[in-house]
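>>> return a 3D structure for these sequence lines:
(one chain, ligands or ions: 1)
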Amino acid sequence: MAAYRCVGPPMSMAYRKSCHPVAVTYRGWRRFSRISYPAEAHGVRFMNNYANEIARADYGKWEAAGEMPTGSVLAKDSFIVGDDGKIRVGPLFVMAKGAAGSSDAMRNWKYTMIMPGGSVRQDVAIQKFCNDCHRRAGAQDDFLMFLPLPFRISKGLGR
Ligand code: HEC
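Here you go, the predicted structure:
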């Protein structure tokens with residue numbers, strides 16, 4: 001968490017370069033990871049999960065949440081701690097729930113990757129890459145993977 005506090009400001013500045021609305025607002029959302037946790041699925045990185053106002057009541061129910069409402073947005077920022085002890089900003093991963101019928105094969109999720117340089121990736125290849133793994137969570141979990149048990153905080157932290 002000390003590392004997260006340290007990298008927080010440069011991280012926000014890096015993502016904000018994209019001008020993407022999630023990059024600008026997600027740090028004001030409730031955080032559902034108790035501390036930054038190591039996650040290999042997204043490269044060896046430390047991550048934090050955030051849910052917007054529409055998603056936050058359901059996300060903290062975890063596997064009991066069912067289908068998330070339209071307008072739900074989940075954001076996961078990331079940083080890397082190198083062998084040299086230096087901390088680098090990683091991508092911001094975003095899932096946004098669109099209207100029914102917008103992308104049935106992806107349960108209407110749209111995936112976005114906001115790079116620390118400010119570029120935004122949400123092309124067809126990225127949709128497939130992200131969804132091919134997330135769909136393994138199954139329809140009962142609405143393609144969500146949540147986070148490892150010790151790092152979950154059901155009510156979320158923040159406003
Ligand atoms: C190899 C599997 C895999 C791939 C590929 C993958 N994810 Fe994930 N994702 C996970 C896992 C596992 C979690 C749960 C947290 C963790 O352990 O990292 C997760 C969690 C998330 C979350 C938090 C919401 C949730 O599911 O609880 C978001 C947002 C997210 N991923 C976005 C993305 C985006 C955007 C991409 C594509 C750029 C992507 N993911 C690619 C496995 C994957």
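>>> longest strand anywhere in this protein?
Using DSSP state E to assign secondary structure, the strand with the most residues in the chain is strand 73-81.
>>> how far is it from where the chain is centred?
Taking C-alpha atoms, centre = their mean, to the nearest Å, one finds the center of strand 73-81 at 6 Å from the center of the full chain.
>>> repeat that for stretch 102-117.
Relative to the centre of its chain, stretch 102-117 is centred 11 Å away, using C-alpha atoms, centre = their mean.
>>> quick one: contacts of it?
Among residues not part of stretch 102-117, those counted as contacts by C-beta atoms under 8 Å, 6 or more residues apart in numbering are 11, 14-15, 17-18, 20, 22-23, 67, 70, 88-101, 120-122, 126-127, 130-131, 134-135, 139, 142-143. Yep, even glycine has a C-beta here, placed from its N, CA and C like the rest.
>>> elements contacting the helix or strand encompassing A57?
A57 is part of helix 56-59 when elements are defined by DSSP states H and E. Taking 3 or more C-beta pairs under 8 Å, 6 or more residues apart in numbering; DSSP states H and E as contact, the helices and strands that helix 56-59 lies on are strand 30-33.
>>> let's see it at 10 Å
Applying 3 or more C-beta pairs under 10 Å, 6 or more residues apart in numbering; DSSP states H and E, we find helix 56-59 packed against strand 30-33, strand 45-51, strand 152-157.
>>> list the buried residues of that helix.
When burial is assessed from 16 or more other C-beta atoms under 10 Å, helix 56-59 yields the following buried residues: 56-59.
>>> who in this structure is up against the ligand?
39, 41-42, 47, 49, 74-76, 93-95, 111-113, 126, 129-130, 133-134, 144-148 (C-beta under 6 Å from any ligand atom).
>>> now the longest helix along the chain - C-alpha only, PDB.
Here the longest helix in the chain is taken by residue count, with DSSP state H as the criterion, and it is helix 2-16. Included here for helix 2-16 are C-alpha records, laid out as PDB according to Å, rounded to 0.1, in the frame of the first residue of the first chain:
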ATOM      1  CA  ALA A   2       3.000   2.300   0.600                       C
ATOM      2  CA  ALA A   3       4.000   1.600  -3.000                       C
ATOM      3  CA  TYR A   4       0.400   2.400  -4.200                       C
ATOM      4  CA  ARG A   5       0.300   5.600  -2.200                       C
ATOM      5  CA  CYS A   6       3.600   6.600  -3.800                       C
ATOM      6  CA  VAL A   7       2.700   5.600  -7.400                       C
ATOM      7  CA  GLY A   8      -0.900   7.000  -7.000                       C
ATOM      8  CA  PRO A   9      -0.300  10.600  -8.300                       C
ATOM      9  CA  PRO A  10       1.900   9.700 -11.300                       C
ATOM     10  CA  MET A  11      -0.500   6.900 -12.000                       C
ATOM     11  CA  SER A  12      -3.500   9.200 -12.100                       C
ATOM     12  CA  MET A  13      -1.600  11.700 -14.300                       C
ATOM     13  CA  ALA A  14      -0.600   8.900 -16.700                       C
ATOM     14  CA  TYR A  15      -4.100   7.600 -17.200                       C
ATOM     15  CA  ARG A  16      -5.600  11.100 -17.400                       C
END
